[in-house]
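>>> Generate coordinates for the sequence data below:
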Amino acid sequence: MVKVTITTKSYTAIASGEGAGIIDSDVIYDNFGIPFIPAKRLKGLLRDSALEIVNLVQIRNGNNLIEDIFGAEQKQGKAIFENAYVEKYQSIKTEILALKTDKNFKNFLTRSNILSFYTTTRQQTAIDDNGIAKEHSLRTIRVLKPNIKFEAIIDDSDLSEPAKAVLYLAIKNFRRLGLNRNVGFGLIECNPVFENIDNKNVLNILQTTGCQEETHPNVTENKLIKFNYKSDNFSTKFLKVTTLSPVLLSYVTGDINTTETRLCIPGTTLRGVIAKKIIKELGLNESNAHENPLFKACFIENKLKINFAYPSIDNKIFIPFPQNFQSEKNYRNICFDIFNKEKEGTKTNAGFVLIDGSSDQIFKTNILTRAYFHGTRDDRKGKNTDGAIFYYDTIEPGTEFVATISAPDYILNELQNILGYSFEDRIGRSKTSQYGKAKFELTDNDDNETIDYIGEDTITLVALSPMILFNMNGMSEPSVELLKDYLKNKIPAEFEIKNQVCRVTKIDYFNSQWGCKSQTYRAYNEGSAFQIVFSAFIDNDLPNILLEIEKKGIGEFTYLGYGKIKFLKTFDSQRGIHEYKRKTNGSNQPKYTIEILHKILDEKYKIITEHLGRENVKKYKKISSSLCGRLIDVLQKFESRSDFINRFIKDENEGIKGKEAEKQLDEAFILESLNREYDYLYNNAYQSCNSIKSKIGYEPDKEKLYKYYWISFFKQMRLENKKKN
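Okay, here's the model as predicted:
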């Protein structure tokens, strides 16, 4: 792994491609307001820098090395680039989330306030041949301030030594980024930390090995595993997935310029991650993986079943909203079970919910997503290729998902030995730059949730993942009759499917062995609900059978995660829908955000002080506009109140002592106030600021507040004089 530090040495415009209000070109930042450098941007600029290095140093085989690092058309690069975030980014994010639970901090740590700590605005205009600004050419851009340090990680583990040397020099040569980097913006300092490469040996590595072809063994050692087949117990474990970067799990939608993401992780995706990990850890390859007993049992004999991963908060797994729980248009925080109490004008709900069986409450959660703007750039013209713009809609970092993995004991135990308790890998689209990094943790299944169905004669079956049913001709067909046939083979009781609320979707998945997608299947979509009515009340034996069906699923391709279902008890009364509030373990005492909070308070005290200055004008008699202007200029000149008083108010030579200006101020009752310290700090207007200043060790600068107050005061008085005239 290579750690790269990037420090801004001038104003830098890492543009998002979009504007915001009066900002014509905004920087890119996260949902907290913290700016970052996108990995795709970083990768493209480093590629340009590498091309300069290859041409400058005259490296033999240089272009091939660049393709190995960054990729080419129809070829994926071996280096993996991640976003560059500000120092201690994760700690800052965690602390902001914790502090926002305190009402005193919540209104200060807003996105705009945090963004203002890192950025400022600059204006520019176009000049015509006569040296006059062109009409409508004024542009306001937001830029990063100088001396902001970013950190990025580049995974170079698959690169050869010569390729690493080229990457090292490309990073050292990297000097500018962002908009207008040829006219003063975007100057940076970039430093890499490689394990075995530095300034002393990098050229030697290129001279001695740069022209050698990298060799790869075609066949690796196949580590055979011998199982203990005595155990036939079928067990389940949890696979927890935490996104460490934006993740794009793409699927086809109607918008050709936007690639949207799934809000849960398909079992096929997780299956691919585990297969890849087994192949890597056991030294397998495409030609011999099928010979390995573990790989064969998991992925050819399909003894390993991996379900879809759903959102998880505080170790609670949320499921797709059952479609029979519907709400009225103007009362979306209340829902009804339409199987029991049909109402007119209700609509289905979307998202993921936690259904509390012990109360009448339903808790919902929203998956945090964000659309990232992209475009292809013409390097020669320095602008976007005509029309080549698009958006990636992604799941934001820090989102947790949990899937269940089921298999015989001997397979799960061996998987635990190979995978360990946690590892990192990449999923989804654009995995080599900016997107897809995730942490995987394999843990024991401690989910002992059971529902008491005894005495009930009606339950609801909810599809948690797409449910594929085959008819007698082997064709996929979502129908109630087929579902009943599947259930009859599992449930030894008389029943009918009385009602249904369902949606039909089309399913396909990518098979890496074939190198193409599977055929398309029609299926019941997740959230589809079916009311099952039994001819008799449920006895003591049936709940265990229902629980077993939940574990194994219904329909075809259950080993890929399809057909995952859940049985729910029906309810007669309405249920409230509440937003689930995550528990925070962070401290309410700021540590990493102290500097940000100080800057926010500086700005808040200034804004309030200037407001008080404008408001208090009406309490005094007016002085002339010329004197107001003179006082504004002098106040801006002096650093402190004492200098202003001694060298202007009380000075007979260069000041106003004994002159007409002093007389005006005295008759307007302003002179006495000018001589006093700024003493409005306990005004009610400062209440919100004063409530947190002691918690973060902040004390407002009275000297600055004095200047802010009186400059604002005299500007307002001069303005009112103009209005009166």
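
>>> ok, now which ones touch the residue nearest the centre of the chain?
Closest residue to the average C-alpha location of the chain: residue 396 at 2.3 Å, with CA atoms, centre = their mean. Residues in contact with residue 396 (CB atoms under 8 Å, 6 or more residues apart in numbering) are 30, 31, 243, 246, 368, 369, 370. C-beta coordinates here come from the backbone N, C-alpha and C atoms, glycine included.

>>> Setting aside sequence neighbours, what's the nearest residue to residue 598?
residue 698 (5.6 Å; CB to CB, 6 or more residues apart in numbering).

>>> Let me know the pLDDT of that neighbour.
pLDDT, residue 698: 91.

>>> pLDDT on stretch 270-284, on average?
Rounded mean pLDDT across stretch 270-284 is 91.

>>> Could you pull out the helices in the stretch 551-700 of the chain for me?
For the stretch 551-700 of the chain, helices defined by DSSP state H, counting those that start in this stretch occupy the ranges 594-615, 625-637, 641-644, 660-667, 671-675, 687-693.

>>> gap between the longest one and the chain center?
A distance of 30 Å separates the C-alpha centroid of helix 594-615 from that of its chain, computed with CA atoms, centre = their mean, to the nearest Å.

>>> I'd like to check what contacts it. Which residues are they?
Helix 594-615 is contacted by residues 92, 105, 108-109, 113-114, 116-117, 590, 678, 680, 683, 685-686, 688-689, 692-693, 696-698, 700, 704-705, 708-713, 715-716 when judged by CB under 8 Å, 6+ apart.

>>> With stretch 119-130 instead?
Contacts for stretch 119-130 (CB under 8 Å, 6+ apart): 11, 23, 27, 35, 133-134, 137-145, 180.

>>> In ChimeraX, how would I select the buried members of these?
Of these, the buried ones can be selected in ChimeraX as follows, counting by 16 or more other CB atoms under 10 Å:
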select :11,23,27,35,141,142,143,144,180
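
>>> Helices of the stretch 151-300 of the chain, start to end?
Going by DSSP H, counting those that start in this stretch, the stretch 151-300 of the chain shows helices at 161-173, 202-209, 267-281, 293-295.

>>> and among those helices, the most buried is which?
Greatest average neighbour count among the helices of the stretch 151-300 of the chain goes to helix 161-173 (a mean of 23), per mean count of other CB atoms under 10 Å.

>>> Distance check, the closest residue to residue 688 other than its chain neighbours against residue 641.
Leaving out its chain neighbours, the residue that sits closest to residue 688 by CB to CB, 6+ apart is residue 107, at 6.5 Å. Separation of residue 107 from residue 641 (CB to CB, to the nearest Å): 30 Å.

>>> Which one of the two is surrounded by more residues?
For residue 107 versus residue 641, the count of surrounding residues by other CB atoms under 10 Å is larger for residue 641: 22 against 12.

>>> Dump the C-alpha coordinates for stretch 496-504 into PDB.
C-alpha atoms of stretch 496-504 as PDB (Å, rounded to 0.1, in the frame of the first residue of the first chain):
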ATOM      1  CA  GLU A 496     -55.200 -21.000   0.900                       C
ATOM      2  CA  ILE A 497     -53.500 -17.900  -0.400                       C
ATOM      3  CA  LYS A 498     -56.300 -15.500   0.100                       C
ATOM      4  CA  ASN A 499     -54.800 -12.100  -0.900                       C
ATOM      5  CA  GLN A 500     -51.700 -10.700  -2.500                       C
ATOM      6  CA  VAL A 501     -49.900  -7.400  -3.000                       C
ATOM      7  CA  CYS A 502     -47.000  -7.900  -5.300                       C
ATOM      8  CA  ARG A 503     -44.800  -6.600  -8.000                       C
ATOM      9  CA  VAL A 504     -43.100  -8.500 -10.800                       C
END
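
>>> can you tell me the average pLDDT over that stretch?
92.

>>> Output the contacting helices and strands for the host helix or strand of residue 363.
Using DSSP states H and E, residue 363 sits within strand 361-365. In this structure, strand 361-365 packs against strand 352-355, strand 575-579, with contacts taken as 3 or more CB pairs under 8 Å, 6 or more residues apart in numbering; DSSP states H and E.

>>> and among those strands, the most buried is which?
strand 352-355 (a mean of 21).

>>> residues touching residue 367, list them.
263, 311, 351, 352, 395, 399.

>>> and residue 404, that one's in a strand?
Yes. Assessed with DSSP: H, G, I helix; E, B strand; the rest coil, residue 404 lies in a strand.
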